[in-house]
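Student: Here is my input; please provide its structure:
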Amino acid sequence: MPLAEPEQSKVVGELQLANNRLELVPAMPEVSQLTGQIAFSEQGLQLKGLAGLGLGEAVEITGGTQANGKLLIQAKGHARAPELAAYLGPLPAHFLSGKTPFEVLVEGSTGTRPSIQVNSSLQGLGINLPHPFNKLADRPLNLLVRRSAKGTDDQWTVRLADTTPLLEVRAVYAPQGQGALRYLNAGLGAPVPSATQGTNLMVVLNELNFDLWRNVFKQWPGNPAAIAEQTASAQVAMKPTGLFGQFGQSGKVPGGLARLTVVTDELTLASKKFQQVSVLAKTVEDRWQVNCKAQGTDGYFSWVEDPARPNGSLLGRFKQLSIPDTLDDELKDMVDEPASSIPALDIQADSFVLGNKHLGQLRLLAENATAGEKATALLNGKAQEWTLRELHLETRTSP
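Tutor: Numbering: from 1, shown residues only. Next up is the predicted model:
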C-alpha cells in the first residue's frame, strides 16, 4: 500500500465456495450446495462459475461489478412444484405440479439498497386452484416479483398477467431490520387501490366460487406441525418466512383490513348462485360491515365477535333479501351441522323472497349458548342449544 497515495492501493483476492449457502435478500429462496469462485478487487467483484441448488433444481449465478460501478447479478434455474409450494407460504403441495423456469436479477450501487426482480412464465407448472388461478402446465402465466426502494421504505410488487393483468399486490415495509409492514394493496382483475393505510383489496371477476375457495383455505397449513410436514421432503431448506410468509410475519398492518371490494357477475355461496353481485366490506367501530347488492338483494350485514359466544353474531339489515331456490348435498350438510355451531342472528328485511315465494317483511332473532352455558350443558349431558327467540313474517295485502 503506497502510504503517500493510498488511493492507488490495489486489492486482489478470490473466495472459493464449497457446499455453501446463499440468500441474496431476505424473503427470497435460499441457494444451497453452492460452488464456484468470487473474485474481488478494489474495483468490485466478479462471480465465476457459481452453481448450486435452489427450489429443488440446479441454479447458475453470474455477474458482478460493471464498468459503470453498478452491481449486476443474474441467477437462472427451474423451480419444482413441491419446493415452490413450500416457499409460498407454504401452499399445500397438491395445488401445484411440474416445474417452471425462472430468472432473478439483482441490481445495486454503492450506498443504495439493491433492487431485485424475479421473472417466470410459469410454463410447465400446473396450478390446481379455483378460478381465476387454475392453469394447465403448458399455458404461460407471466409472474413478476420485484423489491425496490420507495423513499426510505422497501416496496414489494407481485404481478400475474396473462394476455391482460390478472393480479397485482403492492406491500410497503419499513427499512430492513425494522420489518414493519406499513400497508398492503391488491387488485385482482382490477386496478390496485392507492390507499396508504391498512390492507385494501379490490376484486373484479366474471365469476367467483366462494365454496371452492373455502375448501382451499380449509386445507391451508395453519400450525408448525403442518408446515414441517410440507417441507420435510424438500431438498432446499425452506423457511416459513418466504414470499407470503414475509407478508404474514411482519405483525399487524396499521389499520388492519381496511377495505374489501368484490364485484362479480356470478357469486356461488353455500351452493347458491347470486347474479350481478357488488360487495363492499369495511371496518366500522372495530367490527366488519358488509354492504351488498345483487339481483333481489340490497342491504348490509355485520359480523360481531363476542368472546363469550365463540360462534359470533351476525346482524343484517336489508331493503331486499332474496335467497335462490337451490339446495344440494353441500347445503344439506350445512343444515345438518349441530345447532351449537350456528352464530347468533339478528336479521331484518323489508322484503324477503325465498325461491319464488314473496314472504314480505322478515324479522329473525336467535342466539347461541355462551361458552359457559356450553360447558355446563356438556357436564350435565344436555344438548348445547341454539335458541330461536323470534321469527316474524308479515305480508301486506291490498284492501
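Student: quick one: strands adjacent to the helix or strand encompassing residue 146?
Tutor: Assessed by DSSP states H and E, residue 146 sits inside strand 142-150. Paired strands of strand 142-150, with direction, are strand 115-120 (antiparallel), strand 153-161 (antiparallel) (DSSP bridges).
Student: Can I get those strands in a markdown table including distance to residue 219?
Tutor: Where C-beta positions appear, they are placed from N, C-alpha and C, glycine not excepted. Output for these, formatted as a markdown table (distance: least, CB to CB, whole Å):
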| stretch | distance to residue 219 |
| --- | --- |
| strand 115-120 | 24 |
| strand 153-161 | 21 |
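Student: Nearest to residue 66 among the ones you listed would be which one?
Tutor: Evaluated over these, closeness to residue 66 peaks at strand 115-120, with 14.5 Å, by CB to CB.
Student: before we move on, the earlier item: any idea how far the strand holding residue 146 is from the chain center?
Tutor: Relative to its parent chain, strand 142-150 has a centroid offset of 16 Å by CA atoms, centre = their mean, to the nearest Å.
Student: Quick check: buried residues in that strand?
Tutor: Residues 142, 143, 145, 146, 147 are the ones in strand 142-150 that count as buried (16 or more other CB atoms under 10 Å).
Student: So for those, which is the shakiest by pLDDT?
Tutor: Within these, the minimum per-residue pLDDT falls on residue 147 (88).
Student: For residue 14, grab the count of nearby residues.
Tutor: Using other CB atoms under 10 Å, residue 14 is surrounded by 12 other residues.
Student: Roughly how far does it sit from residue 23?
Tutor: Distance, residue 14 to residue 23, by CB to CB, to the nearest Å: 22 Å.
Student: Can you show me the CA trace of stretch 386-399 as CSV?
Tutor: Coordinates of each C-alpha in stretch 386-399 appear next as CSV, following Å, rounded to 0.1, in the frame of the first residue of the first chain:
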residue,chain,number,x,y,z
TRP,A,386,-79.3,-22.7,19.7
THR,A,387,-82.4,-20.8,20.6
LEU,A,388,-84.8,-19.2,18.1
ARG,A,389,-86.2,-16.2,20.0
GLU,A,390,-88.3,-14.6,17.3
LEU,A,391,-89.4,-15.4,13.7
HIS,A,392,-91.8,-12.9,12.3
LEU,A,393,-93.1,-12.8,8.7
GLU,A,394,-95.6,-10.1,7.7
THR,A,395,-97.2,-9.9,4.2
ARG,A,396,-99.2,-6.9,3.5
THR,A,397,-102.1,-7.3,1.1
SER,A,398,-104.1,-4.6,-0.6
PRO,A,399,-107.5,-3.9,1.0
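Student: buried residues in it?
Tutor: residue 386.
Student: what's the average pLDDT for that stretch?
Tutor: 78.
Student: hang on, the earlier thing: dump the strands paired with strand 142-150 to JSON lines, plus distance to residue 279 and mean pLDDT.
Tutor: Listed next are the strands paired with strand 142-150 as JSON lines, based on distance: least, CB to CB, whole Å; pLDDT from 0 to 100:
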{"stretch": "strand 115-120", "distance to residue 279": "32", "mean pLDDT": "92"}
{"stretch": "strand 153-161", "distance to residue 279": "22", "mean pLDDT": "91"}
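Student: Which of these sits closest to residue 100?
Tutor: Here strand 115-120 is closest among those (CB to CB), at 5.6 Å.
Student: Following the chain onward from the closest one, which element is next?
Tutor: strand 125-127.
Student: Confirm that residue 217 sits in a helix.
Tutor: Yes. Residue 217 sits within a helix when classified using DSSP: H, G, I helix; E, B strand; the rest coil.
Student: what about the stretch 251-399 of the chain, any weak spots by pLDDT?
Tutor: Counting by pLDDT under 70, the stretch 251-399 of the chain shows low-confidence ranges at 251-257, 286, 305-311, 325-342, 369-375, 377-378, 381-385, 397-399.
Student: Run through the helices of it in chain order.
Tutor: Counting by DSSP state H, counting those that start in this stretch, the stretch 251-399 of the chain has helices at residues 329-335, 371-379.
Student: re earlier: not counting the strand holding residue 146 itself, show me its contacts.
Tutor: 25, 27, 112-113, 115-122, 154-162, 172, 243 (CB atoms under 8 Å, 6 or more residues apart in numbering).
Student: so how far is residue 191 from residue 180?
Tutor: For residue 180, the distance to residue 191 - CB to CB - is 26 Å.
Student: repeat for residue 88
Tutor: 24 Å.
Student: Compare neighbour counts for the two and give me the winner.
Tutor: Neighbour comparison, residue 88 and residue 191: the larger count goes to residue 88, with 15 against 11 (by other CB under 10 Å).
Student: mind listing the strands for the stretch 251-399 of the chain?
Tutor: Taking DSSP state E, counting those that start in this stretch as the criterion, the stretch 251-399 of the chain contains strands spanning 257-269, 272-284, 287-294, 297-306, 309-323, 344-354, 357-368, 386-394.
Student: Relative to residue 66, which of these is closest?
Tutor: strand 257-269 (42.4 Å).
Student: Now do the buried residues in that closest one.
Tutor: Going by neighbour count (16+ other CB under 10 Å), the buried part of strand 257-269 is 257, 258, 259, 260, 261, 262, 263, 264, 267, 268.
Student: mind listing the helices for the stretch 101-250 of the chain?
Tutor: 210-218, 224-231, 243-248.
Student: Can you tell me how far the residue nearest to residue 389 when sequence neighbours are not counted is from residue 119?
Tutor: Once flanking residues are discounted, residue 389 sits nearest to residue 365: 4.2 Å by CB to CB, 6 or more residues apart in numbering. Using CB to CB, residue 365 is found at 56 Å from residue 119.
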